[in-house]
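**Student:** What follows is a predicted structure for the sequence shown.
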Amino acid sequence: MIEISNVWKRFGDNVILENISATVKEGEFITLVGASGCGKSTFLKMLLGTDSASQGSILLDGKPIPSEPDAERGVVFQQYSVFPHLSVLENVVIAREFEKTKLGFLWGAAKKAAREEAAALLDVVGLAHMKNRYPDELSGGMRQRLAIAQALILKPRILLLDEPFGALDPGIRADMHELVLDLWRKHKLTVFMVTHDLKEGFHLGTRLWVFDKRRVDAQAPNAYGASITYDLPVGVCEQEILDEIDESLATKNQAEQV
Ligand SMILES: Nc1ncnc2c1ncn2[C@@H]1O[C@H](COP(=O)(O)OP(=O)(O)OP(=O)(O)O)[C@@H](O)[C@H]1O
């Protein structure tokens with residue numbers, strides 16, 4: 001379904017990603033981990049179509065990813081993409097309206113159908129009781145549920161999640177994990193999810209990718225980019241490898257913070 005071949009990404013002289021190749025089948029759930037700034041979000045943006053590879057290709061069903069986001073690829077960022085002046089229900093409806101009309105308005109039966117669809121989705125993500133409230137009345141977890149409902153109303157085949165739960169408390173994160181797993185199974189989605197949390201990656205995915213630099217030049221820190229250094233099937237990985245990845249991520253993140 002997705003064929004990534006020898007992809008490089010540079011910003012000016014700064015090499016962010018180098019030589020990434022992978023094949024992803026429909027229905028896979030891939031979690032991406034890697035040190036801060038190594039290019040995970042950039043990679044998701046290339047899948048979304050808002051950014052393009054400097055070299056190499058990403059094919060979806062044999063064709064290049066369109067250079068603009070479309071309904072096939074839904075996205076949820078850590079920063080909530082909600083409109084504060086619209087109710088929870090209207091926030092989901094408007095996602096459909098923008099997709100259908102570009103002007104952002106639906107009328108009559110189409111509007112009614114969109115409202116019914118939005119209400120059903122709010123029920124799925126556990127927000128039915130909040131549908132007439134406004135975003136500033138929601139908790140962080142509820143806003144993230146709303147952002148997921150906004151993405152799902154477009155019925156994407158591919159869901160891109162960029163650290164969607166990073167800001168949430170552990171208990172709420174666990175609830176969100178269950179929700180995402182449930183949606184993934186029911187809607188047969190292909191999911192790419194960036195996380196800082198290796199445990200989250202191993203709990204959620206079918207496959208874990210570690211982004212890291214294979215080579216480093218201390219004199220020219222931007223000369224080399226990150227590749228996929230581990231591509232692991234989830235659930236069948238030895239503890240030793242997990243510890244090794246954990247240690248390498250911890251060291252890199254500490255170095256970032258100094
Ligand atoms: N539009 C851009 N122009 C120039 N540099 C950019 C641009 N977008 C990202 N970068 C740089 O590319 C690198 C990778 O950024 P990216 O956000 O993809 O990393 P990340 O792995 O998602 O980081 P984090 O885990 O901190 O979110 C960073 O050094 C960033 O500054």
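**Tutor:** Cool, the structure landed. Residues are numbered from 1 along each chain as shown.
**Student:** what about stretch 161-181 and the ligand, touching?
**Tutor:** No - legend: contact between stretch 161-181 and the ligand by CB under 6 Å from any ligand atom is lacking; minimum distance shown is 6.6 Å. Backbone N, C-alpha and C define where each C-beta goes, glycine included.
**Student:** what residues does that stretch touch?
**Tutor:** When contacts are taken as CB atoms under 8 Å, 6 or more residues apart in numbering, the neighbours of stretch 161-181 outside the stretch itself are 40-41, 44, 75-78, 125-126, 139-141, 144-145, 147-148, 191-196, 200, 203-204.
**Student:** can you narrow those to ones near the ligand?
**Tutor:** Of the contacts of stretch 161-181, the ones that also sit near the ligand (CB under 6 Å from any ligand atom) are Lys40, Ser41.
**Student:** for the ligand, what are the nearby residues on this protein?
**Tutor:** Proximity of the chain to the ligand, by CB under 6 Å from any ligand atom, involves residues Phe11, Ile16, Gly34, Ser36, Gly37, Cys38, Gly39, Lys40, Ser41, Thr42.
**Student:** now, which of those residues sits nearest Ala113?
**Tutor:** The shortest approach to Ala113 among those belongs to Ser41, at 34.3 Å (CB to CB).
**Student:** any idea where the helices of the stretch 51-200 of the chain begin and end?
**Tutor:** For the stretch 51-200 of the chain, applying DSSP state H, counting those that start in this stretch gives helices covering 88-101, 108-124, 140-152, 170-187, 198-204.
**Student:** and among those, the most buried is which?
**Tutor:** Across those, the average number of neighbours (mean count of other CB atoms under 10 Å) peaks for helix 140-152, which reaches a mean of 23.
**Student:** what packs against it?
**Tutor:** Counting contacts by 3 or more CB pairs under 8 Å, 6 or more residues apart in numbering; DSSP states H and E, the secondary-structure elements packed against helix 140-152 are strand 73-77, helix 88-101, helix 108-124, helix 170-187.
**Student:** re earlier: format the residues of the chain next to the ligand as JSON lines; extra columns: distance to Gln55, neighbour count and pLDDT.
**Tutor:** Conversion of the residues of the chain next to the ligand to JSON lines gives the following (distance: CB to CB, whole Å; neighbours: other CB atoms under 10 Å; pLDDT from 0 to 100):
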{"residue": "Phe11", "distance to Gln55": "13", "neighbour count": "12", "pLDDT": "95"}
{"residue": "Ile16", "distance to Gln55": "12", "neighbour count": "19", "pLDDT": "96"}
{"residue": "Gly34", "distance to Gln55": "20", "neighbour count": "25", "pLDDT": "92"}
{"residue": "Ser36", "distance to Gln55": "24", "neighbour count": "12", "pLDDT": "88"}
{"residue": "Gly37", "distance to Gln55": "21", "neighbour count": "13", "pLDDT": "89"}
{"residue": "Cys38", "distance to Gln55": "18", "neighbour count": "23", "pLDDT": "91"}
{"residue": "Gly39", "distance to Gln55": "14", "neighbour count": "24", "pLDDT": "94"}
{"residue": "Lys40", "distance to Gln55": "19", "neighbour count": "24", "pLDDT": "94"}
{"residue": "Ser41", "distance to Gln55": "19", "neighbour count": "17", "pLDDT": "92"}
{"residue": "Thr42", "distance to Gln55": "14", "neighbour count": "18", "pLDDT": "94"}
